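Q: I'll drop the sequence and a predicted model, then ask my questions.
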Amino acid sequence: MFKNKKLFQYSVFFLVFTLPLFMQAQLIHQIKIIDGTGGSAFNGSVRIIGNKISEVGNLTPRKGEQIIDGKGLILAPGFIDAHSHHLQDLQQNRDGLSTLNQGITTIVTGQDGWGYSMDTLAAMMNRIPIAVNVAAYTGHTSLREDVMGENDVLRPAKQDEIEKMKSVLEIELKKGSLGLSTGLEYEEAFYSTRDEVIQLSKLTAALKGRYISHIRSEDVTMDDAIDEIIEIGRTTKMSVQISHIKLGKKSDWGTAKNLIEKLEQARKEGIDITTDVYPYTYWHSTLRVLFPARDYTNIKSAEFAVKQLFDPSQSILGVYAPIPSYQGKTISEIANTSKKSEAQTLMDLVAMASDFKLKNPDYHGSIESITAKSMYDGDVADFILWPHSVICSDGNGSGTHPRGYGSFTRILGRYVQEKKLLSLEEAIHKMTGLTAMNLGIEGRGIIKAGNYADLVLFNPETVIDHATIENGKALSEGIDIVWVNGKIVYNSGKSTSEKPGMLVKRSLK
Ligand SMILES: [Zn+2]
């Protein structure tokens with residue numbers, strides 16, 4: 001291409017010194033910066049060149065750069081959602097309003113044991129560009145379904161199957177997956193042995209990945225489930241994170257501090273255990289998790305669920321394919337109409353859903369789901385305040401649970417501004433720098449030169465969530481401008497048409 005060496009050298013010189021001039025430069029000034037490290041807010045400016053932050057400090061505008069007047073608002077790193085289910089919706093709603101309206105710029109997928117391979121994700125993001133970044137764990141359940149067959153997972157894996165899972169997992173980790181995720185409470189993984197999980201965890205640790213888990217129980221056998229994740233951390237010495245920590249059994253309400261004490265003991269022993277948490281007292285999942293012993297036709301278990309595991313008068317069916325008109329109704333309302341007890345109604349709903357699945361093998365999508373009131377807000381606050389917990393949404397873009405649109409702004413509006421339970425700097429740290437550190441994401445989560453320009457400009461006094469159970473898609477207030485990889489993707493309640501989201505890979509250095 002180059003006739004002589006000199007011409008080549010001139011060309012390199014030209015490119016190196018003029019490239020930044022061609023890349024879009026932006027200066028965000030008149031702002032208070034909260035940089036994500038947990039340190040205090042400070043006045044300053046941030047310069048973006050291309051997709052990265054180039055300078056932070058007292059900066060003077062340069063000729064030709066775009067100036068953004070921050071009007072004294074807060075500039076923070078874009079929020080990282082430690083446990084997200086938004087990806088599917090982002091395939092259709094590529095502008096990512098559900099995430100951007102709450103300041104999220106990176107979602108962490110592959111949660112609860114299910115996820116896509118890194119190649120599939122890369123192809124997906126190439127084919128259908130989206131507004132936000134995506135990082136991913138490799139799902140244990142997905143590995144089981146691949147190796148054991150989708151309809152043969154209600155049993156422990158055999159050793160040769162574990163070996164096959166290991167070889168797939170190894171490939172994924174080498175392609176930049178953050179680590180191994182499990183969803184041990186769900187039937188498709190519930191029958192795995194602790195040894196199976198530990199074998200896969202050891203491989204993950206050897207390749208410097210991490211472990212994140214929807215633990216085996218969030219209610220009746222929670223002690224065992226906590227022991228299991230602590231043992232995984234102890235045996236493998238890798239960082240382990242409990243997904244969406246909660247106390248889902250009424251008789252455990254008010255004991256979050258005891259559980260935190262147990263986690264602190266583990267940390268003192270040198271186990272790097274952390275958690276993520278969302279700010280709501282109700283979860284959203286399948287009706288089947290209300291039967292921890294998987295005995296769906298046992299009235300005693302159904303009665304226990306009604307008394308201890310959820311409040312039927314405040315718990316609402318999300319989707320219900322067998323009788324779509326049940327959607328949006330509480331379990332108590334359905335029980336009243338059918339003149340049966342709430343426990344019997346719960347059993348009937350599960351039975352009708354299984355029957356529907358059998359009769360409609362080609363039906364894709366969710367057959368049933370419930371938004372179940374099952375937590376005590378004092379516990380939720382204690383978990384949010386634990387210094388080693390980070391914020392997640394556990395949400396999606398369907399609007400079936402308000403967490404999909406409002407988790408992060410709810411923390412800023414209600415826990416910081418209204419209740420004053422934590423400082424703005426602490427809250428931001430739990431949404432950015434600490435999250436990146438817990439999950440092993442590099443180059444994001446902190447405002448500093450050289451990092452990707454994922455940023456959120458917001459008003460700390462007006463920021464608040466508006467999504468509710470009745471209107472799960474209501475947009476938050478107070479999030480002014482959101483940048484992803486240097487591009488403005490959201491401005492004053494509207495998304496721009498930019499789709500700069502990248503696949504975020506674990507650093508393999
Ligand atoms: Zn989960």
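A: Looks like it came in fine. Keep in mind it's a predicted model, so treat the numbers as computed, not measured.
Q: I figured residue 232 hits residue 242, correct?
A: No. Using C-beta atoms under 8 Å, residue 232 makes no contact with residue 242, being 10.8 Å away. For every residue, glycine as well, the C-beta is placed using N, CA and C.
Q: Now the common contact residues for these two.
A: residue 213 (C-beta atoms under 8 Å, 6 or more residues apart in numbering).
Q: Pull the CA coordinates from stretch 163-177 and hand them back as PDB.
A: Extracted as PDB, the C-alpha positions of stretch 163-177 are listed here (Å, rounded to 0.1, in the frame of the first residue of the first chain):
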ATOM      1  CA  GLU A 163     -17.300 -32.700  32.000                       C
ATOM      2  CA  LYS A 164     -19.200 -31.600  28.900                       C
ATOM      3  CA  MET A 165     -20.600 -28.600  30.700                       C
ATOM      4  CA  LYS A 166     -17.100 -27.700  31.800                       C
ATOM      5  CA  SER A 167     -15.800 -27.700  28.300                       C
ATOM      6  CA  VAL A 168     -18.500 -25.300  27.100                       C
ATOM      7  CA  LEU A 169     -18.100 -23.100  30.100                       C
ATOM      8  CA  GLU A 170     -14.400 -22.900  29.500                       C
ATOM      9  CA  ILE A 171     -14.900 -21.700  26.000                       C
ATOM     10  CA  GLU A 172     -17.400 -19.000  27.200                       C
ATOM     11  CA  LEU A 173     -15.100 -17.800  29.900                       C
ATOM     12  CA  LYS A 174     -12.300 -17.400  27.400                       C
ATOM     13  CA  LYS A 175     -14.600 -15.400  25.200                       C
ATOM     14  CA  GLY A 176     -15.200 -12.800  27.900                       C
ATOM     15  CA  SER A 177     -18.200 -14.100  30.000                       C
END
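Q: Enumerate the residues of the stretch 101-250 of the chain near the ion.
A: 112, 214 (C-beta under 5 Å from the ion).
Q: who's the closest residue to the ion within the stretch 101-250 of the chain bridged to?
A: Of all residues in the stretch 101-250 of the chain, residue 214 sits closest to the ion, at 3.5 Å by C-beta to the ion. On the basis of DSSP bridges, residue 214 is bridged to residue 183.
Q: correct me, but it touches residue 112?
A: Yes. The criterion here is C-beta under 8 Å, and residue 214 meets it with residue 112 at 4.4 Å.
Q: Give me the common contacts of those two.
A: Counting by C-beta under 8 Å, 6+ apart, the residues touching both residue 214 and residue 112 are 181-183, 186, 243.
Q: got TSV for these, with distance to residue 490 and neighbour count too?
A: Converted to TSV, the shared contacts of residue 214 and residue 112 look like this (distance: C-beta to C-beta, whole Å; neighbours: other C-beta atoms under 10 Å):
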residue	distance to residue 490	neighbour count
181	28	30
182	33	31
183	31	23
186	33	19
243	27	24
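Q: could I get those as TSV with pLDDT and distance to residue 162?
A: Output for the shared contacts of residue 214 and residue 112, formatted as TSV (pLDDT from 0 to 100; distance: C-beta to C-beta, whole Å):
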residue	pLDDT	distance to residue 162
181	98	17
182	98	14
183	97	17
186	93	19
243	98	23
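Q: So what's the residue count around the spatially closest residue to residue 91 that is not a sequence neighbour?
A: Among residues not flanking residue 91 along the chain, residue 128 sits closest, at 5.8 Å (C-beta to C-beta, 6 or more residues apart in numbering). Residue 128 has 13 neighbours, counted by other C-beta atoms under 10 Å.
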